[in-house]
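Chemist: sequence plus predicted model, see below.
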Amino acid sequence: MLLMASSRLAMFSAWRCQRPFVGGILAALAGVEMFFSGQLDVGNIHVQVGIEGLQATIIPVLMVLLGILAMLMPVHRIFYGVIVLVLSVYSLIGVNLGGFFIGMLLGAIGGILIVAWMPKKAAHATSQDPAEAPADPAPVEPAPLVPGRS
């Protein structure tokens, strides 16, 4: 039983290292926080009128969705991270001051982490030792411009 749990943990850790996991989690948490702050009544104050009521539902749902998509499809991480950043900044207007600034900060940090994340394979490919690099092939002479003449 313990061996199975440790192998699952090792598989999850390997999966997590291949994705912008922390940024996706922060973006999803920002969406959850914004959603609940949009539905929250602070004393007699309820800041949710007209179109802002729709924004207070759509923006948090998009933040959660983009955080999950960034984790599941890391190839598109830059697109998802930029959209998370834009939504985080826009949430200052659309969702009760960005979820009382907490959701906006979580979303901005998560979006930055999503955009800044790089896969480990690309980092290893650029740091090859020059001594191990393959030798250049023999130079090829250009073809003559006019066929039949050299």
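Modeler: Arrived safely. Numbers count the residues shown, from 1 in each chain.

Chemist: and residue 75, how far is that from residue 56?
Modeler: Relative to residue 56, residue 75 is positioned 31 Å away (CB to CB, to the nearest Å). Every residue, glycine included, has its C-beta placed from N, CA and C.

Chemist: tell me which of these two has more neighbours.
Modeler: Neighbours were counted for residue 75 and for residue 56 using other CB atoms under 10 Å; residue 56 has more, 22 against 7.

Chemist: so that one sits right up against residue 98, yeah?
Modeler: No. Using CB atoms under 8 Å, residue 56 is not in contact with residue 98, being 11.1 Å away.

Chemist: what residues are shared contacts of the two?
Modeler: Common contact partners of residue 56 and residue 98 (CB atoms under 8 Å, 6 or more residues apart in numbering): residue 34.

Chemist: can you list contacts of stretch 101-115?
Modeler: Contacts for stretch 101-115 (CB under 8 Å, 6+ apart): 20, 22-31, 33-34, 37, 60, 63, 67, 70, 77-78, 80-85, 87-89, 91-92, 95, 97-98.
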